[in-house]
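Colleague: Give the three-dimensional model of this entry:
(2 chains)
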Number of protein chains: 2
Amino acid sequence: MTTAAVDTYEGKPLAQLFPYEDRPGWRGYIEWEDRPDRKEIVRELLKQRTFPEPPEFQFVPLPTTNPILDGERFKAYHEAIGMKQIVDVSWETVLKEKPNMTHLLQFPYNGETKFDDLMKAKITDNSVHFIRNHGGVPDIDEDVFELSIDGLVNKPVKISMKDLKDPKKFPQVEVTITIQCSGTRRREQIEQYPGDGDELINAPWGEGAIGTAVYKGVPLKKVLKIAAGGVLPECQHLEFIGADTYFKKGEVYNYAVSVPYRKVRMNEQVLLAWEMNGKPLPKIHGFPLRTVVAGYIGARSTKWLYKINALAEPSMGPVQRQEYLYYTSQARTSLGKQNATYSNGFSIQDMPVSSAIISPGDKTVIVHEGHIELKGWAYSGGGNWVERVEVSPDGGHVWYQVDPDDLTEKHYYAWRLWKIKLPVDAEGWLEFCVRTWDSSCNTEPTFVRSAWNWDLHVTSSAHRIKVYSINKSKPATARRLKELEEHGQGVEPLTRPLAFPLEDHELYHANYEKYPREPRN
Amino acid sequence: MTTAAVDTYEGKPLAQLFPYEDRPGWRGYIEWEDRPDRKEIVRELLKQRTFPEPPEFQFVPLPTTNPILDGERFKAYHEAIGMKQIVDVSWETVLKEKPNMTHLLQFPYNGETKFDDLMKAKITDNSVHFIRNHGGVPDIDEDVFELSIDGLVNKPVKISMKDLKDPKKFPQVEVTITIQCSGTRRREQIEQYPGDGDELINAPWGEGAIGTAVYKGVPLKKVLKIAAGGVLPECQHLEFIGADTYFKKGEVYNYAVSVPYRKVRMNEQVLLAWEMNGKPLPKIHGFPLRTVVAGYIGARSTKWLYKINALAEPSMGPVQRQEYLYYTSQARTSLGKQNATYSNGFSIQDMPVSSAIISPGDKTVIVHEGHIELKGWAYSGGGNWVERVEVSPDGGHVWYQVDPDDLTEKHYYAWRLWKIKLPVDAEGWLEFCVRTWDSSCNTEPTFVRSAWNWDLHVTSSAHRIKVYSINKSKPATARRLKELEEHGQGVEPLTRPLAFPLEDHELYHANYEKYPREPRN
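Modeller: Numbering: from 1, shown residues only, chains lettered A, B, ... in the order given. Here you go, the predicted structure:
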């Protein structure tokens, strides 16, 4: 199915057409948007090859390897145009900056925070904050980097990092912001019904595609005003272009998205940031400069940001126009393959209220004495904050409120971690779930099906886990546990039969007499 | 239970202590907040009397009268301090300005838009826009009225209506805004489980406590800046005081609430408005001046606004601090009477996504030919707008999307009316429901219980109606309808037996043979 890559195009070496260091000090960045000639060559090159199919991970168990998925197809796109180095550097950067992640997709790199790390503190450590990249990792020298501002502004301008970081030129802010991938918790939707299955955009994320950091930077609003003389009245959207290379349906692009100017007008909500938790941005998080868009889907927080365009309409980039769309589950006009069009999904920008139980893990066995402790996160976007977290020990009938003292501090744009000790009497398989109420009294639907959508984004229903409860405060249970111990056997695996008779023969006979199997008459 | 009112206090006529026209041209306004002496007298007067209990409408069927509830208790509070005129003027104003409403509570006046009027157009006519008052209706002459701005501002100031309406002094805006009472659709919560039952705050509202108008006025932010020299850095909240009189637990107040300064900073979201749909504010809507707070609970859109206080903390008024609190249904710390405290509810400010089916009516019989048309409204607060409306013909399993052409125009701060023709095959009692998705991908929980809360506010679950479906595209049904017609009998009432045999005797016998009641062996 896959055909071999070539090294030249019309006799010219690809390495010369698309040099790894296109501008001195800008490694792994190739300009596409201003170079239609290059885009045309790529179109031709990609046409000449066939590429591997995306893996059908929605119908089969995921590999237990780490990385879980290989990213074969996107690797092949890069190799087809002579950019294997970008693929290699991406993984080298992961191994250096993010070695201890659940690596979901090797290339473009998508990695999830391991659950222990996720719950360690309100602020996620840079080394374990989740990553969802759409291409390679550019490697740009800060002192030659410059940010261009163009389009519907009074004064198009280029700004060096030195100027941008000069507090005398631009007022600096530090804001605590949770960034969430719209794919967070996607695996719950996949388990219910498979949806659109692109290897890149539908990675089977768990509950760790979310993280919180204190970002330092300058409000974009101020930069537009101070450096570019403000936007023109027609400007309604700000486009962000990243230095990474992105492929879509046989075409090549620089990563490009946009946010409405309405959003930018709120100072603390759209930042140009160069610092993450008091340290320079890691390369894999967008060094030297990225946008951080509070309350929005992570996809708008563009890494390796080198160009801002003030536009009248949203960006034409495929990530903005054709991806991250919210379809319905079942609808007159938009159900899946047979009817989906880009225009019948709506663009995911602000994120809804959502939450997750991080411990105990799903499908675990818990021996307890009438109480089980649960921990997790709760978040809402759109400038709403988390007001209340409720946890149900019975699949969603009774809900216990998390004590306010057991929630981390309230922020306008960040999650709250929570914990609760639930009274649990019943034994056997139980379903626990969590739901959150935000400052707008919005809450989460109770069942996954209620928020299932064709592109499998934004799993916002009450998160559920299955737990096998063994309540040893019950005498019969305590006795049985002791018997197991005496026989040197554990409870797990649950599916393994007990090594000893379930009941003493005489007792069984007596019970049989007392509660006969058939009616007596 | 009720004791008679007195006319004097310590020999002084009440009419002199609390004059109906306290300031010339300000009728029905009595200053309480600046007059602790008056408050003290009222406290004494109220102590001397007993008052009627609130009606137990949560356990018994509501009267079919219009007004449905009398408001006996609040009438008695006013009478006890010699203010019967306020009660009378309130109702006279209703009869003049709002004659065609579903009058829910006679005093303080609470009235709901009739369903036909609600669905007439995107903009609700002033004469039928819902009203939820907390006291009487002040009757203030515009040319003597002035608005005071005080507290944490650089320059406390009084502004006449003439100055406020001068476009050379303050920039004017017109914004389309939906105002919703947090009690909208409360009757669904009441039907499930009774909650806190105060006659005033828990009126059994249906789906008509919501309406949309184009308000003209000036952004509060601009008024604070231009007239009062801006707020001091400590200012975090703006308190709005209305000229109406409000009672709570034996105390008297002017109506007072507040909104955060964060909210005021967004120009188009907090207006001082004097015009509603191109006409001066009706008296009952707050003439000459009110606040309109977009996206928030209606309670913050203070009518007869005569004073703004810039504060460091939210208003101490009971409406802000002790009411409109969102409790949980079942919780460690806040379940109902046995544990409720003010501080374990959170303050309802931004409104969540919600919607309602307005036609057909609940529990109606519909004869159709395989399709039923439904109409309703959909709204979300907090600056979110309605993106998608879905309707289910089967209690919430399959959801059909309303065609975008069948939704009224999108606004940042207003509802969208919708209609849909649903395919309906099944006959008998069906449950239809509607849910809405807003621009943050938030949606409504599927069941009332999911959003049930002790104070019965913000019924935000998918709205459900029961409809008895008679599908006359089915031959047997068409035949039976014809038989009914021949016998001069209608289908309704459903509970009335048919006047003719259900089946021809011979056919019944033949069927009996073919499908015998008992096993043959």
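
Colleague: mind giving me the domain ranges of chain A?
Modeller: Using the TED database, the domain parsing of chain A gives A:8-320, A:353-471, A:475-514.

Colleague: Turn those domains into a markdown table, including distance to B:V467, mean pLDDT and mean neighbour count.
Modeller: Every residue, glycine included, has its C-beta placed from N, CA and C. Listed next are those as a markdown table, based on distance: least, C-beta to C-beta, whole Å; pLDDT from 0 to 100; neighbours: other C-beta atoms under 10 Å in any protein chain shown:
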| stretch | distance to B:V467 | mean pLDDT | mean neighbour count |
| --- | --- | --- | --- |
| domain A:8-320 | 29 | 95 | 19 |
| domain A:353-471 | 22 | 95 | 21 |
| domain A:475-514 | 46 | 90 | 11 |
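
Colleague: Other residues contacting stretch A:507-520?
Modeller: A:E503 (C-beta atoms under 8 Å, 6 or more residues apart in numbering or on different chains).

Colleague: I'd like the distance between the residue nearest the centre of chain A and chain B.
Modeller: The centroid of chain A falls nearest to A:C181 when counting by C-alpha atoms, centre = their mean (2.8 Å). Using C-beta to the nearest C-beta, to the nearest Å, we find A:C181 at a distance of 14 Å from chain B.

Colleague: Just give the closest residue to that residue, not the sequence neighbours.
Modeller: A:A209 (3.9 Å; C-beta to C-beta, 6 or more residues apart in numbering or on different chains).

Colleague: who touches that neighbour in this structure?
Modeller: A:112-113, A:130, A:132, A:180-181, A:183-185 are the contacts of A:A209 under C-beta under 8 Å, 6+ apart.

Colleague: make it 7 Å
Modeller: Applying C-beta atoms under 7 Å, 6 or more residues apart in numbering or on different chains, we find A:A209 in contact with A:112, A:130, A:132, A:180-181, A:183-184.

Colleague: so of those, which ones are in helices?
Modeller: Assigned to helices by DSSP state H, none of the contacts of A:A209 qualify.

Colleague: Let's have those in JSON lines, adding distance to A:H103.
Modeller: As requested, the contacts of A:A209 are exported to JSON lines (distance: C-beta to C-beta, whole Å):
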{"residue": "A:E112", "distance to A:H103": "8"}
{"residue": "A:F130", "distance to A:H103": "11"}
{"residue": "A:R132", "distance to A:H103": "12"}
{"residue": "A:Q180", "distance to A:H103": "19"}
{"residue": "A:C181", "distance to A:H103": "15"}
{"residue": "A:G183", "distance to A:H103": "15"}
{"residue": "A:T184", "distance to A:H103": "16"}
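
Colleague: Return the closest of those with respect to A:H397.
Modeller: Comparing those against A:H397 with C-beta to C-beta places A:T184 closest, at 25.9 Å.

Colleague: so what's the backbone phi/psi at the residue in the stretch 51-200 of chain A that chain B sits nearest to?
Modeller: The nearest approach of the stretch 51-200 of chain A to chain B comes at A:S182, 8.5 Å away (C-beta to the nearest C-beta). Here is the backbone geometry of A:S182 (degrees, to the nearest 10): phi -70, psi -10.

Colleague: Check the one 5 residues further on too.
Modeller: Its backbone dihedrals place A:R187 at phi -60, psi -30, with angles given as degrees, to the nearest 10.

Colleague: quick one on the thing from earlier: dump the residue contacts of the residue of the stretch 51-200 of chain A closest to chain B.
Modeller: A:297, A:299, A:324, A:348, A:457-458.

Colleague: okay, among these, which ones form the most distant pair?
Modeller: Between any two of the contacts of A:S182 (C-beta to C-beta), the greatest distance is 11.6 Å, for A:A299 and A:V458.

Colleague: With secondary structure added, can I get the contacts of A:S182 in CSV?
Modeller: Below are the contacts of A:S182 laid out as CSV (DSSP: H, G, I helix; E, B strand; the rest coil):
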residue, secondary structure
A:I297, strand
A:A299, helix
A:Y324, coil
A:I348, coil
A:H457, coil
A:V458, coil
